[in-house]
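just need the structure, nothing else, for what follows:
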Amino acid sequence: MLGPALFKIRFPFIKKMQFWEKIIPSGVLIAEEAIGVELYQSQTNFPVISHGLPYSLQFPSHGRIWTKWTLLMDIEKASEFKREFHCRYNKSVPIRGLLWKIRAQTKSKNGSTDERWLRFFLCCAASKNEYWRCVCSATFRIVSQKNGAENFTGKFGEAVLSNKMNQWGFINFISIPELMDPVKGLYDENEDKFTLAIDLTVQNEREKHIYESNGTIEMEIENLSEFAREAFGSGRFSESVLYIKGFPWKIMALINSKNESTDQKWLGFYLWCAAAEKGRREAKPLTSSRTDIEAENWNFKCSATLRIVSQKSDRADFSRDFSGQIFNELSNKSGFSNFITFTELMNPSKGFYDKDADKVKLSIDFIVKEADT
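The predicted model follows:
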């Protein structure tokens, strides 16, 4: 372990490229030490940071496991950009030991050539041949060019990015006509440009959630009336990811039928371990003994209470339990294919359905244990 005194005295004087090329790969620094030097050195090269104040070099602390940053990109010659087919990128910024950038492109929404839309993505420029993995949350913004005008924003909850899936964002963020509408204030007509921004939070999952064995995950199904009209087999997944035993867990909601002879629709409600399956591109799990490579032959025993949360104080939640269900690479979900009918779910007297907001809230309390082998 590098002594704190040497850490504070020596590393501020090492050039940035030498730091990334020699010090980081050597493994001499723990994660918090590397982050401290990264933030300290990055502020001179990348002045637009979310802190607002110069970052002073500090002793390692768990309070700095999260790193927040704001990526900015000016789309100049926007009148030409809207007719282009190739992508534009900003300069990469190092965050949590990985290089991050914005990717922007215009493309038609449904294959037509009439109206084009902005594609707006967060990209990690790290190598696809080396294993890496982190959890990100971000707010995407088109920055207003006029005083008093509002930014145009979009958000996503926690998303797991890795060498297998290194970008996340919006395929149809905003139509180009709306973006360049003078009334919106997003486009600077005199400079022929607009500005993209991503407020990014990156978390390294190597050292967190390894030993936790229980938790609660929640999900709101919005536009429920539309979801209820979708075809059998249609589904929704919780945006947020909860890590238990180092593995990513989500809620899965499906439209099912109880038997093929009826058109009545049921809500299928499941706890889903979103670890990588063969042929899928989901989050890679981490275990306490193998934190840098994909876990193999994982095997858990889970117990859970699945609930539809009441929207009224005088009505009880609707809940069902399961116990001792085995989760592994071959069987990574468990729950109820016929949890409740949509007719009962959306019945105002039950109190589950918020008709004004057109949504319901699902929740799962669960415990994960190592299964006996």
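
alpha carbons only for contacts and neighbour counts from here, please
Will do.

ok, the residue positioned nearest the centre of the chain - contacts?
Nearest residue to the geometric centre of the chain (Cα atoms, centre = their mean): residue 159, 1.8 Å. Counting by Cα atoms under 8 Å, 6 or more residues apart in numbering, residue 159 makes contact with 135-137, 168, 239-241.

just the buried members of those?
The neighbour count (16 or more other Cα atoms under 10 Å) marks 135-137, 168, 240-241 as buried among those.

how about the residues you listed in JSON lines, adding distance to residue 199?
Below are the buried ones among the contacts of residue 159 laid out as JSON lines (distance: Cα to Cα, whole Å):
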{"residue": "135", "distance to residue 199": "14"}
{"residue": "136", "distance to residue 199": "10"}
{"residue": "137", "distance to residue 199": "8"}
{"residue": "168", "distance to residue 199": "13"}
{"residue": "240", "distance to residue 199": "17"}
{"residue": "241", "distance to residue 199": "19"}
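
my read is that residue 176 contacts residue 109, right?
No - applying Cα atoms under 8 Å, one finds residue 176 not in contact with residue 109, separated by 10.8 Å.

have a look at these two and say which one is more surrounded.
residue 176 (19 against 16; other Cα atoms under 10 Å).

from residue 325, how far out is that one?
49 Å (Cα to Cα, to the nearest Å).

cool, and residue 152?
From residue 152 over to residue 325 (counting by Cα to Cα), the distance is 45 Å.

can I assume residue 225 sits in a strand?
No - under DSSP: H, G, I helix; E, B strand; the rest coil, residue 225 sits outside any strand and is assigned helix.

how about the contacts made by it?
Contacts of residue 225 (Cα under 8 Å, 6+ apart): residue 358.

before we move on, what about residue 252?
For residue 252, counting by Cα under 8 Å, 6+ apart, the contacting residues are 235-238, 268-272.

with pLDDT, distance to residue 68 and secondary structure added, can I get those residues in CSV?
Formatted as CSV, the contacts of residue 252 follow (pLDDT from 0 to 100; distance: Cα to Cα, whole Å; DSSP: H, G, I helix; E, B strand; the rest coil):
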residue, pLDDT, distance to residue 68, secondary structure
235, 91, 32, strand
236, 92, 29, strand
237, 91, 26, strand
238, 89, 23, coil
268, 95, 37, strand
269, 97, 34, strand
270, 97, 33, strand
271, 96, 30, strand
272, 93, 29, strand
